[in-house]
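>>> Quick one: sequence and predicted model below, then my questions.
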Amino acid sequence: MKRHRLIVEDAIGALKMRFGILRQQLRFLKKNIATVFFTCVILHNFLIDTGTPLRPLPENEQEEEMQHSSDEDNTQGVDEVEDDTA
């Protein structure tokens, strides 16, 4: 079980390195979070297939990411945004 968790954490880390939107607290309607995440996964796989390398985080973002990942058991909250269309 621990090995699977590490694999998932590594995959999420790679996505966060490639897509800055995943490095911050998500501010979407709950119904849209899965769409954003899966879109990032699809784009990531496309970029791998085309040979686009994973770029390292800029130095200031690396420090911020390392500090954030040590906070509160590595969990991120999700802000729920009110839906004004109803």
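Structure received. Numbers count the residues shown, from 1 in each chain.

>>> What's the separation between Leu43 and Val36?
Leu43 is 11 Å from Val36, where distance means Cβ to Cβ, to the nearest Å. Every residue, glycine included, has its C-beta placed from N, CA and C.

>>> Equivalent analysis for Met1, please.
Using Cβ to Cβ, we find Met1 at a distance of 27 Å from Val36.

>>> Look at those two and report which has more neighbours.
Comparing Met1 with Val36 by other Cβ atoms under 10 Å, the one with more neighbours is Val36, at 14 against 4.

>>> Am I right that Leu47 is in contact with Arg18?
Yes. Between Leu47 and Arg18 there is a contact at 7.2 Å, judged by Cβ atoms under 8 Å.

>>> List the buried residues of the biggest helix by length in the chain.
Longest helix in the chain by number of residues (criterion: DSSP state H): helix 30-49. The neighbour-count check on helix 30-49 (16 or more other Cβ atoms under 10 Å) flags 37, 40, 44 as buried.

>>> Please work out how many residues are found near Phe19.
Neighbour count of Phe19, defined by other Cβ under 10 Å: 16.

>>> For it, give me its contacts.
With contact set as Cβ atoms under 8 Å, 6 or more residues apart in numbering, Phe19 has these partners: 40, 43-44.

>>> swap the cut-off to 10 Å and go again
Neighbouring residues of Phe19 by Cβ atoms under 10 Å, 6 or more residues apart in numbering: 36-37, 39-41, 43-44.
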